[in-house]
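**Student:** give me the fold of what follows.
(one chain, ligands or ions: 1)
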Amino acid sequence: MRTLLPFTKMHGLGNDFIVINALTKPFSLTPLQIRYLANRHTGIGCDQLLVVEPPTQPMVDFRYRIFNADGSEVQQCGNGARCFAKYVRDKNLTTKNLLHVETMAGIIHLHLRPDGNVTVNMGKPRFLPTEIPFQAEETALFYPLEVDDRVYQISVVSMGNPHAILIVDNVRDAPVQTLGAKIEQHPRFPERVNVGFMQILDKHQIRLRVFERGVGETFACGTGACAAVVAGQRAGLLNTSVIVQLHYGQLHIEWAVNDTATVSMSGPATCVFEGTIEL
Ligand SMILES: N[C@H](CCC[C@H](N)C(=O)O)C(=O)O
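**Tutor:** Purely as a prediction, here's the structure:
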């Protein structure tokens, strides 16, 4: 039997989302249905589908699930977290400005600010090969990765989801579509990986392009921005507070560069339109 699915279309700096309210009706879309909804020609179109669910543990306000355009469920989405906060506030699903939200990667804390931006405590970054689905014998700042007989130096950081970061001279000329696609599927990443191309402008600013796991290049990647800044800071190339320049604007990332510190990400969240679609 066909049903009508209400949804909200949102984006964070051009990283776009379909948001589904599953607080009263359990979420049950299949990967095939998610791929259909995400298709920009035959569906609604999005990079990720975000699901708002009731919490499964105490002291938490909501559960937040994330599905890539290819239908894969993933651990974390930074731009989506800001849109999630705006969504539940705008829909009067909460009156709080500080929200504790559970994800597959753990609990994150969303702060809706008076200026309309949202600051998210994205948790602690992780680097050990044992913490990231990445095949390596030792822990290092940068790892050699062979792709088509060339060796690239990558920094591997998890924000709950895996990121491989490369430093490039100029993001404009970076081979994001070709090299990004090959590293995403590289055998050393058994769960695939997001691939960030970072240009360091100075110790306080970078430019970033990201080939996202399960999507392709997106206009912005929140966890990718966090991972890139952490990689740059660990290499001594960036300070604790960094502006990340993306296609449609910037994110402010802060990390105190120590093993107990969490990463803070601040930026906008935008609602585009409401709709219903027949499934
Ligand atoms: N493609 C990512 C999930 C979405 C991350 C991104 N949209 C963000 O804002 O963090 C992954 O497969 O881990």
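**Student:** that's a helix at residue 19, yeah?
**Tutor:** No: looking at residue 19 with DSSP: H, G, I helix; E, B strand; the rest coil, it is strand, so not inside a helix.
**Student:** oh, and call the first residue 11 from now on, that's how I've got it
**Tutor:** Okay, using 11 as the starting number, the last item reads as residue 29.
**Student:** leaving out the residues flanking it, which one is nearest to it?
**Tutor:** residue 18 (4.4 Å; C-beta to C-beta, 6 or more residues apart in numbering). Bear in mind the C-beta positions are built from the backbone N, C-alpha and C, glycine included.
**Student:** ok, now how distant is the one you found from residue 93?
**Tutor:** 9 Å (C-beta to C-beta, to the nearest Å).
**Student:** now for those two: what residues contact both?
**Tutor:** Common neighbours of residue 18 and residue 93 (criterion: C-beta atoms under 8 Å, 6 or more residues apart in numbering): 29, 281.
**Student:** in three-state terms, label the residue nearest to residue 29 for me.
**Tutor:** Following three-state DSSP, the label given to residue 18 is strand.
**Student:** just to revisit the earlier point, between residue 18 and residue 93, point out the one with more neighbours.
**Tutor:** Shown here are residue 18 and residue 93; by other C-beta atoms under 10 Å, residue 93 has more neighbours (27 against 21).
**Student:** for the more buried one, phi and psi?
**Tutor:** For residue 93, the backbone dihedrals (degrees, to the nearest 10) come out as phi -70, psi -40.
**Student:** thought it was touching residue 28?
**Tutor:** No: taking contacts as C-beta atoms under 8 Å, residue 93 lies outside contact range of residue 28: 10.3 Å.
**Student:** what residues sit buried inside stretch 17-32?
**Tutor:** Using 16 or more other C-beta atoms under 10 Å as the test for burial, stretch 17-32 gives 17-23, 25-31.
**Student:** quick revisit: so what sits against both of residue 93 and residue 28?
**Tutor:** Residues touching both residue 93 and residue 28 by C-beta under 8 Å, 6+ apart: residue 60.
**Student:** C-alpha coordinates for the helix or strand containing residue 77, PDB please?
**Tutor:** Assessed by DSSP states H and E, residue 77 sits inside strand 72-78. What follows is strand 72-78, C-alpha atoms only, in PDB (Å, rounded to 0.1, in the frame of the first residue of the first chain):
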ATOM      1  CA  PHE A  72      16.600  12.700  21.000                       C
ATOM      2  CA  ARG A  73      18.200  10.000  18.900                       C
ATOM      3  CA  TYR A  74      19.700  11.100  15.600                       C
ATOM      4  CA  ARG A  75      20.200   8.600  12.700                       C
ATOM      5  CA  ILE A  76      22.000   9.400   9.500                       C
ATOM      6  CA  PHE A  77      21.800   7.600   6.100                       C
ATOM      7  CA  ASN A  78      24.000   8.500   3.200                       C
END
